[in-house]
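# pasting the sequence and the predicted coordinates here, then a few questions.
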Amino acid sequence: MTPDLQASIAAVVTAALAEDMGNGDVTAELIPPATAGSGLVITRQDGVFCGRPWVDEVTQRFAGDMTVDWRVADGDDIRAGQALFELRGQARAILTAERTALNFVQLLSGTATQTRRFVRLLEGTGCQLLDTRKTLPGLRLAQKYAVRCGGGRNHRLGLFDAYLIKENHIAAAGSITEAVRQAQRQNKGLTVEVEVESLAELQEALDAGADLIMLDNFASAALQEAVALAKGRAQLEASGGIDEAHIRAIAEAGVDCISVGALTKDVQSLDLSMRFAVKPR
């Protein structure tokens with residue numbers, strides 16, 4: 001786990017608890033402070049588990065009042081009815097922390113589950129699955145972590161760590177060639193990727209020396225032509241409207257990677273539940 005991710009976890013947990021608790025959990029205050037309990041979290045659906053560092057961070061905010069007993073690890077395949085983790089300690093703390101902890105797990109497990117589904121469709125092709133920047137605001141590093149747990153690979157994290165020269169950049173710069181040259185002069189260590197919409201634009205990007213070329217909404221026949229034209233001079237990424245029904249055929253056309261915005265944009269959260277019980281001290 002990188003320092004950036006650790007800092008992000010601390011920040012988003014702080015924000016999530018603040019928006020849920022405000023100046024206090026009035027319902028939890030109905031429970032006597034000395035009451036102890038446990039909350040066993042189970043999944044109601046099959047999927048891929050993700051979110052343990054976020055739950056650990058939530059638990060640490062209630063240090064001395066609550067602990068967590070783990071039954072799974074991030075990246076594990078899980079089955080409906082399976083116990084994932086158990087919160088133990090002060091009943092007030094468990095019930096206050098419940099929704100925040102489960103919100104992170106259900107979202108990130110949903111992202112990891114969606115990713116694993118796509119990854120399995122690519123098995124044996126040698127093609128890698130990439131995510132995009134189409135993430136929930138404030139949760140980009142979290143969702144990109146979940147993509148890795150699901151077996152996918154991260155594309156650029158943001159606008160700062162790689163070039164992605166798209167249609168509007170090309171128009172503003174004057175041409176693909178000029179945009180690539182400017183990028184190569186400014187930051188020689190960064191990957192230069194160009195989005196193209198035709199074989200003619202692909203040829204220009206190849207001649208300009210792009211490292212990675214995104215084939216935007218290319219039909220199957222055009223993808224095969226693009227692979228033949230590139231001849232390994234640059235890596236090729238297919239993107240645009242890719243779904244589970246067509247992703248394997250796109251991979252078999254010979255592209256190096258496929259980016260899918262739905263991994264982080266169209267996420268269905270995993271259905272979780274917590275079974276609470278009062279425990280004698």
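Structure's in. What do you need?
# state the helix or strand in which residue 223 lies.
In the assignment (DSSP states H and E), residue 223 maps to helix 220-230.
# contacting residues around residue 41?
Residue 41 makes contact with 83, 84, 85, 86, 87, 101, 102, 105, 272, 273, 274, 275, according to C-beta atoms under 8 Å, 6 or more residues apart in numbering. Glycine gets a C-beta too; all of them are placed from N, C-alpha and C.
# pretty sure residue 10 sits against residue 57.
Yes. With contact defined as C-beta atoms under 8 Å, residue 10 counts as touching residue 57 (6.3 Å).
# count the residues that sit near the closest residue to residue 244 other than its chain neighbours.
Distances taken as C-beta to C-beta, 6 or more residues apart in numbering place residue 121 nearest to residue 244, at 6.2 Å, with adjacent residues excluded. By other C-beta atoms under 10 Å, 17 other residues sit near residue 121.
# wait, what's in contact with residue 121?
Contacts of residue 121 by C-beta under 8 Å, 6+ apart are 244, 247, 248.
# in TSV, list these along with distance to residue 160.
As requested, those are exported to TSV (distance: C-beta to C-beta, whole Å):
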residue	distance to residue 160
244	32
247	29
248	33
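# ok, of those residues, which one's closest to residue 174?
Nearest to residue 174, judged by C-beta to C-beta, of the contacts of residue 121 is residue 247 at 34.8 Å.
# look up how far residue 193 lies from the closest one.
20 Å (C-beta to C-beta, to the nearest Å).
# run through this structure and note the low-pLDDT ranges.
281 (pLDDT under 70).
# can you pull out the strands in it?
Applying DSSP state E to the chain gives strands spanning 36-43, 47-48, 66-70, 77-78, 83-90, 128-130, 163-165, 192-196, 212-216, 235-239, 257-259, 272-279.
# out of these, which one sits most buried?
strand 47-48 (a mean of 26; mean count of other C-beta atoms under 10 Å).
# what packs against it?
If you count contacts as 3 or more C-beta pairs under 8 Å, 6 or more residues apart in numbering; DSSP states H and E, strand 47-48 packs onto strand 77-78, helix 91-121.
# including distance to residue 259, could the contacts of residue 41 go into TSV?
Shown next, in TSV, are those (distance: C-beta to C-beta, whole Å):
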residue	distance to residue 259
83	35
84	30
85	32
86	38
87	37
101	31
102	29
105	26
272	29
273	34
274	35
275	39
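# which one of those sits closest to residue 201?
residue 105 (42.7 Å).
# what residues does that closest one make contact with?
So residue 105 contacts 41, 49, 50, 51, 54, 55, 84, 270, 272 (C-beta under 8 Å, 6+ apart).
# what of residue 72?
So residue 72 contacts 49, 52, 78, 82, 84, 85 (C-beta under 8 Å, 6+ apart).
# quick check, distance from the helix holding residue 223 to the centre of its chain.
In terms of C-alpha atoms, centre = their mean, to the nearest Å, the centre of helix 220-230 is found 29 Å from the chain centre.
# which parts of that helix are buried?
223, 226, 227, 230 (16 or more other C-beta atoms under 10 Å).
# that one - contacts with which helices or strands?
So helix 220-230, by 3+ C-beta pairs under 8 Å, 6+ apart, packs with helix 199-208, strand 212-216, strand 235-239, helix 247-252.
# now do it: everything it contacts.
199, 202-203, 206, 213, 215, 218, 236, 238, 249-250, 253-255.
# what's the angle between it and strand 235-239?
160 degrees (axes from the mean of the first three to the mean of the last three C-alpha atoms, to 10 degrees).
# for the nearest residue to residue 118 once chain neighbours are set aside, give the beta-bridge partners.
Nearest residue to residue 118, sequence neighbours excluded (C-beta to C-beta, 6+ apart): residue 129, at 5.4 Å. Under DSSP bridges, the beta-bridge partners of residue 129 are residue 258.
# from memory residue 129 sits against residue 258, does it?
Yes. Look at residue 129 against residue 258 with C-beta under 8 Å: they come within range, at 6.0 Å.
# please identify every residue contacting each of those two.
By C-beta under 8 Å, 6+ apart, the residues touching both residue 129 and residue 258 are residue 122.
# right, I'll leave it there.
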